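Asker: from the sequence below, what's the structure:
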Amino acid sequence: MASEKGPSAKLPHSKSAARSNSAPADVHSAEPVRDAWMHGKPLLFLGEGRQLWEAAGVPFEASEDPAWVGAGEADEAALDAFAAAIAAHRNFDREVLAQPI
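Answerer: Sure, this is the predicted structure:
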């Protein structure tokens, strides 16, 4: 499969990297997270990546959402939960909760 060239969607991996890219609360980093949540897409946050979720400011209790997975590291349970969320394609229950933020 040929790879597409274009802008990278990589996010900062550490606190120091996030700060050097104008902090995890950067509006440009949080916008795709809010959009994905509003469209019911599966979301995975590992380790310090959870700061990006918090910076997005989504008024929602993520622990009750099967399409939202957060873990300290990429362990088998987190990856299995995320694979199941991807297989479901979307969490349609979010549609009634999604309000423009």
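
Asker: show me what contacts the residue lying closest to Asn91 once chain neighbours are set aside?
Answerer: In space, Asn91 comes closest to Ala67 once its chain neighbours are excluded; the distance is 3.6 Å by Cβ to Cβ, 6 or more residues apart in numbering. Heads up, the C-betas are built off the backbone N, CA and C, glycines and all. Contact analysis of Ala67 by Cβ atoms under 8 Å, 6 or more residues apart in numbering lists 40-43, 85, 88, 90-91, 94.

Asker: give me phi/psi at Ala67?
Answerer: Phi and psi for Ala67, reported as degrees, to the nearest 10, are phi -100, psi 10.

Asker: quick one: the helices in the protein, in order.
Answerer: 15-20, 27-38, 50-56, 76-87 (DSSP state H).

Asker: got a list of what Glu73 touches?
Answerer: Glu73 sits next to 46-47 when contact means Cβ under 8 Å, 6+ apart.

Asker: typo on my end, it should be Gly47
Answerer: Contacts of Gly47 (Cβ under 8 Å, 6+ apart): 71-73.

Asker: including mean neighbour count, could the helices of the chain go into JSON lines?
Answerer: Formatted as JSON lines, the helices of the chain follow (neighbours: other Cβ atoms under 10 Å):
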{"stretch": "helix 15-20", "mean neighbour count": "13"}
{"stretch": "helix 27-38", "mean neighbour count": "16"}
{"stretch": "helix 50-56", "mean neighbour count": "18"}
{"stretch": "helix 76-87", "mean neighbour count": "14"}
